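> can you look at this prediction? I've put the sequence above it.
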Amino acid sequence: MSRIKKLDTLLANQIAAGEVVERPASCIKELIENCLDANAKRIDIEIEDGGSKLIKIRDNGSGVHPDDLGVALSRHATSKIYNFDDLEKVATLGFRGEALASISSVSRLTLTSCVEGSIAFQVAVQGVDQKPEVMPAAHPKGTTVEVRDLFFNTPARRKFLRKQKTEFDHIDEVVKRIALSAFDVDFTLKHNQKLVRHYKAAKSLIEEEQRIASLCGKAFIDHAIKIESEIAGLKIHGWISLPTFSRSQADLQYFYINGRIVKDKVINHAMRQAYHDVLYGGRFPAYVLFIGIDPGQVDVNVHPTKHEVRFRESRLVHDFIFKTVKDSLSHIKVKEAPTVSLTKIVEPEFEAVTQNNFVYKEPEAPKIYSQQIDQYEKLAAAPPPSYEPAEEVVNVEKEQSHPLGYAIGQLRNIYILAENADGLIVVDMHAAHERVIYEKLKADFASDSLCAQPLLVPVTVSLSVHEVNMVEERLQYFADLGLKISIIGQESIAIREIPALLREIDLVKFIQDILSDISLMGESFQIEKLQHKVLGTMACHASVRAQRKMTILEMNALLRQMENTSNSGQCNHGRPTWLKLTLPELDKLFLRGR
Ligand code: ADP
Ligand code: MG
């Protein structure tokens with residue numbers, strides 16, 4: 001049997017480095033976080049050979065006290081927390097006192113720093129277990145950390161480094177993520193002596209939006225709305241994409257908690273939920289969002305890289321994000337809806353979902369009783385509600401209250417052409433009517449949709465003992481959702497009643513989805529989600545199909561309904577329902593100077 005021995009400090013640090021310093025980019029993340037914690041307003045980053053030769057980061061922050069320089073590089077040495085109480089409410093990005101020790105154990109590191117009213121000092125270590133010597137140096141107020149030959153003494157690690165370009169791309173992404181959160185800090189990034197990025201400090205909303213445009217693309221900010229909300233010390237602000245600007249991947253989703261970028265299941269769920277009703281399945285929203293929360297309400301000490309957090313009250317945070325985002329989306333009424341200008345549609349790196357490139361598929365939905373469809377197909381047959389002719393004679397230039405303007409005709413029985421003060425409005429009749437009916441159905445059903453209907457034959461579902469316990473503890477909760485369930489064994493339940501609207505769904509999958517929601521969030525949205533699917537299909541059947549001739553009166557009535565309907569900027573598959581061509585845009589198309 002081998003005997004137990006205590007690891008020497010260097011080896012212990014190198015082991016810790018395995019977690020914290022995966023590659024040059026993770027090293028840079030730690031170093032920039034230190035600059036931000038020191039309140040720097042300017043951070044200059046210089047990289048050589050994708051970071052494997054040199055990483056040099058200089059800031060103008062508060063600096064390290066000369067007496068602390070010797071200890072700054074040792075493990076478990078930090079100025080950010082002193083006791084357990086501090087750990088419970090960390091307000092800085094760092095707190096583990098690990099980064100400098102880990103990085104210096106796998107590189108040749110020099111730390112030069114100067115605090116207000118003192119001269120500068122420097123310490124240097126070469127990846128050996130030595131006590132660093134503190135020497136005088138020249139440096140303005142602030143700190144420079146120089147990391148040379150990363151992984152020079154851990155060859156296995158060094159082999160894992162990818163091509164310069166790949167490593168640099170990772171670094172670029174890390175800097176971008178941090179630059180998105182620290183608007184008031186000026187960042188420069190040089191690679192092999194060449195200035196590659198300069199993110200100027202943003203001091204106003206316009207400058208912030210410019211920075212976002214340079215980081216996430218102009219198309220994003222052009223198709224995003226700004227949101228802001230606060231409840232009981234919980235704050236959210238940021239930018240979320242309009243449903244008509246969605247992505248095929250979840251690659252433009254940035255979420256920060258107290259300035260720290262995080263990946264979090266609860267937040268993802270809340271965002272998916274908020275968009276589920278306005279985005280076509282398989283598409284992803286884009287957002288840059290910042291949550292401000294009392295540091296005591298969130299545990300950041302979950303993972304060495306600090307990418308994960310744990311909320312003390314995750315339900316509260318979930319519901320707050322969900323509600324704020326959903327409300328903001330449903331309040332995008334016609335006035336703020338997107339101007340889908342021709343130039344924006346062709347923007348290459350982003351996909352504004354347009355009629356042209358959208359693959360239309362009927363949503364998958366459970367079958368519904370044919371009577372219900374009949375009932376709503378009647379809606380389709382009837383012309384849209386009547387229109388008051390008194391409003392018909394209007395001076396378009398003066399009329400501001402009807403942003404969608406007034407119908408001037410119909411194109412191919414598919415599109416309504418309307419005129420408003422800005423120019424031409426083109427409306428996809430079917431898509432628009434579908435959303436109008438869908439929102440109405442949702443409102444109608446909201447009150448009585450949960451009324452339970454007994455199943456002729458109860459459905460037995462086999463579950464794990466744990467799952468059966470979960471159900472047993474929540475029988476009343478399920479009953480309130482219209483699900484009457486009885487426990488018939490240690491590993492099985494019987495479903496006796498389900499909400500009227502959800503006949504003929506896959507009950508086993510349904511129950512499992514609900515249980516997985518409950519274990520993550522404490523409650524489930526599956527029922528609402530499925531009901532919305534059913535209602536969406538009904539709306540689709542009930543709406544005016546393309547190819548139907550409408551009178552000007554009917555067209556105007558539909559325009560007025562759209563103006564008064566939530567989410568009317570897109571149909572319930574996320575396709576836009578209308579677009580605007582302004583007079584200046586038309587002039588441009590016809591090369592007409594004004
Ligand atoms: P942590 O950030 O978790 O405290 P680090 O190993 O990253 O641990 O840094 C150790 C300490 O060195 C920090 O607590 C801080 O006091 C100091 N430090 C590191 N970088 C800087 C910097 N750029 N400016 C000022 N102080 C710094
Ligand atoms: Mg740190």
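Thanks, I have the structure now. No experiment lies behind these values; they were computed from the predicted model shown. Numbers count the residues shown, from 1 in each chain. Ligands and ions are numbered 1, 2, ... in the order given.
> what packs against whatever helix or strand residue 328 lives in?
Secondary structure assigned from DSSP states H and E places residue 328 in helix 314-330. The contact analysis (3 or more Cβ pairs under 8 Å, 6 or more residues apart in numbering; DSSP states H and E) places helix 314-330 against strand 224-231, strand 234-241, helix 265-275, strand 287-292, helix 507-521. Using the backbone N, CA and C atoms, a C-beta is placed for each residue, glycine as well.
> which stretch among those comes nearest ligand 1?
Nearest of those to ligand 1, taken as Cβ to the nearest ligand atom: strand 287-292 at 21.0 Å.
> just how off-centre is that closest one within its chain?
Averaging C-alpha positions (Cα atoms, centre = their mean, to the nearest Å) puts strand 287-292 8 Å from its chain's average.
> could you pull out the buried residues of it?
Buried residues in strand 287-292, counted by 16 or more other Cβ atoms under 10 Å: 287-291.
> in a markdown table: those, plus pLDDT and distance to ligand 1.
Formatted as a markdown table, the buried residues of strand 287-292 follow (pLDDT from 0 to 100; distance: Cβ to the nearest ligand atom, whole Å):
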| residue | pLDDT | distance to ligand 1 |
| --- | --- | --- |
| 287 | 96 | 28 |
| 288 | 96 | 25 |
| 289 | 96 | 25 |
| 290 | 96 | 21 |
| 291 | 95 | 22 |
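> got JSON lines for the residues you listed, with distance to ligand 2 too?
Formatted as JSON lines, these follow (distance: Cβ to the ion, whole Å):
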{"residue": "287", "distance to ligand 2": "27"}
{"residue": "288", "distance to ligand 2": "24"}
{"residue": "289", "distance to ligand 2": "24"}
{"residue": "290", "distance to ligand 2": "21"}
{"residue": "291", "distance to ligand 2": "21"}
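> in TSV: those, plus distance to residue 280.
Listed next are those as TSV, based on distance: Cβ to Cβ, whole Å:
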residue	distance to residue 280
287	17
288	22
289	22
290	27
291	27
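> residues contacting stretch 271-286, please?
216, 220, 224, 240-241, 243, 245-253, 287, 321-322, 325-326, 329, 353, 358, 363-364, 525, 529, 532, 567, 570, 572-575 (Cβ atoms under 8 Å, 6 or more residues apart in numbering).
> next, give phi and psi for residue 567.
Dihedral pair for residue 567: phi 60, psi 20, per degrees, to the nearest 10.
> wait, isn't residue 209 in contact with residue 221?
Yes: using Cβ atoms under 8 Å, residue 209 is in contact with residue 221, at 5.3 Å.
> residue of the stretch 301-450 of the chain closest to ligand 1, please.
Closest point on the stretch 301-450 of the chain to ligand 1, by Cβ to the nearest ligand atom, is residue 306, at 9.2 Å.
> what distance do you get for that residue to ligand 2?
Distance of residue 306 to ligand 2, computed by Cβ to the ion, to the nearest Å: 9 Å.
> residues contacting that residue?
Counted by Cβ under 8 Å, 6+ apart, residue 306 has contacts 93, 96, 260, 300.
> okay, those residues in JSON lines with secondary structure next?
Formatted as JSON lines, the contacts of residue 306 follow (DSSP: H, G, I helix; E, B strand; the rest coil):
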{"residue": "93", "secondary structure": "coil"}
{"residue": "96", "secondary structure": "coil"}
{"residue": "260", "secondary structure": "strand"}
{"residue": "300", "secondary structure": "coil"}
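> do whichever strand or helix holds residue 145 and ligand 2 come into contact?
According to DSSP H and E, residue 145 maps onto strand 142-148. No: on the criterion Cβ under 5 Å from the ion, strand 142-148 is out of touch with ligand 2, staying 10.4 Å away.
> check which element follows that strand along the chain.
Next along the chain after strand 142-148, taking DSSP H and E as the criterion, comes helix 155-159.
> which parts of that following helix are buried?
Counting neighbours by 16+ other Cβ under 10 Å, helix 155-159 gives residue 157 as buried.
> what sits up against the helix or strand hosting residue 469?
Applying DSSP H and E as the criterion places residue 469 in helix 465-473. With Cβ under 8 Å, 6+ apart as the test, helix 465-473 has contacts from 463, 478, 485, 487, 489-493, 511-512, 515, 518-519.
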